[in-house]
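Colleague: Quick one, what's the 3D model for this:
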Amino acid sequence: MELEARLAFANQIAKAAGKRTLKYFQTTLFDVQKKEDGSPLTIADQDAERYLRKMIQESYPSDSIVGEEFESVEGSSPYRWILDPIDGTTNFLHGIPHFAISIALKSKNELLSGLIFDPIKDEMFFAEKDKGAFLNNQRLRVSKKNSLEDCLFSSNHDGVKLSNLNMRCSGSAALDLAYVASGRLDGYFQNKINLWDIAAGALMVKEAGGIVNDISKFDINKIDIKASSATISDKMLENLKNF
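Modeller: Here you go, the predicted model:
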């Protein structure tokens, strides 16, 4: 019951955070700053993460929190929240309606749940360990395509040129992984990505019957991820030998 309460709570605060981001979308209500790595930072990102942290700390003050925009909070309970308040900030800044709120929950080293909410489309992707992946309460399964020429892959890695793969770059790793889980995409790969970008989506792909490499061995800010349907995994990995 303790875990189930946290999962219902995550759904609630993700939707509320999504509403907060929409009040900034396609407006001039904020200035753009640059982080040390050159990526954009807006008041919309900060506002959404402050809200998520505030709600978690009020409801579960003993839990730990790791988020994109602020320093980690270490708690005494085994639970750890992993937050990305706006995954796809560049899209958000340019008025492109493709971004999401991503929340994952871990206990010790095990991912228990992942939630990715697209406030534009009102799509709630959700996964719970050993219980499956869902989109707005409908069960998700990865694609069954087994021919590379029929598949569609995504990567946000600069300069990716793979002639054997049909590629797209959407600008949101969280949604890319949710789309792999739902069969909209057949695979996603990226090097040196952050934990909060992919934690929820990695579990989602697994729970939808897909294959994801072990991300636990990487540093939190330098994760290499390869995720795909089970039927296309070997062929995708063969094309990524030098990636």
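Colleague: residues near residue 182, how many?
Modeller: Residue 182 is flanked by 21 other residues according to other C-beta atoms under 10 Å. C-beta here means a position set from N, CA and C on the backbone, and glycine is covered the same way.
Colleague: show me what contacts the residue nearest to it when sequence neighbours are not counted?
Modeller: Spatial nearest neighbour of residue 182, chain neighbours left out: residue 140 (4.9 Å); criterion: C-beta to C-beta, 6 or more residues apart in numbering. Shown in contact with residue 140 (C-beta atoms under 8 Å, 6 or more residues apart in numbering): 125, 132, 133, 134, 181, 182, 183, 204, 207, 208.
Colleague: Relative to residue 2, how far out is the fifth one?
Modeller: So that's residue 181. Separation of residue 181 from residue 2 (C-beta to C-beta, to the nearest Å): 26 Å.
Colleague: quick revisit: can you pull the phi/psi pair for the residue nearest to residue 182?
Modeller: Phi and psi for residue 140, reported as degrees, to the nearest 10, are phi -100, psi 140.
Colleague: could you measure it against residue 110, distance?
Modeller: 21 Å.
Colleague: Residue 86 too?
Modeller: 26 Å.
Colleague: more neighbours, the two?
Modeller: Each of residue 86 and residue 110 has its neighbours counted (other C-beta under 10 Å); residue 86 has more, 33 against 11.
Colleague: tell me which element the more buried one falls in.
Modeller: Element membership for residue 86 (DSSP states H and E) is strand 79-87.
Colleague: Now do the strands in the protein.
Modeller: Ranges of strands in the chain, per DSSP state E, are 32-34, 40-42, 64-67, 79-87, 100-107, 110-118, 123-128, 132-135, 138-139, 153-154, 167-168, 187-193, 211-212, 223-228.
Colleague: Quick check: closest non-adjacent residue to residue 165.
Modeller: Nearest to residue 165 is residue 153, by C-beta to C-beta, 6+ apart, at 4.9 Å.
Colleague: okay, residue 181 and residue 2: which has more neighbours?
Modeller: Ranked by neighbour count (other C-beta under 10 Å), residue 181 and residue 2 place residue 181 first, with 33 against 8.
Colleague: Next up, the contacts around the more buried one.
Modeller: Neighbouring residues of residue 181 by C-beta under 8 Å, 6+ apart: 125, 127, 133, 140, 142, 201, 204, 205, 207, 208, 210.
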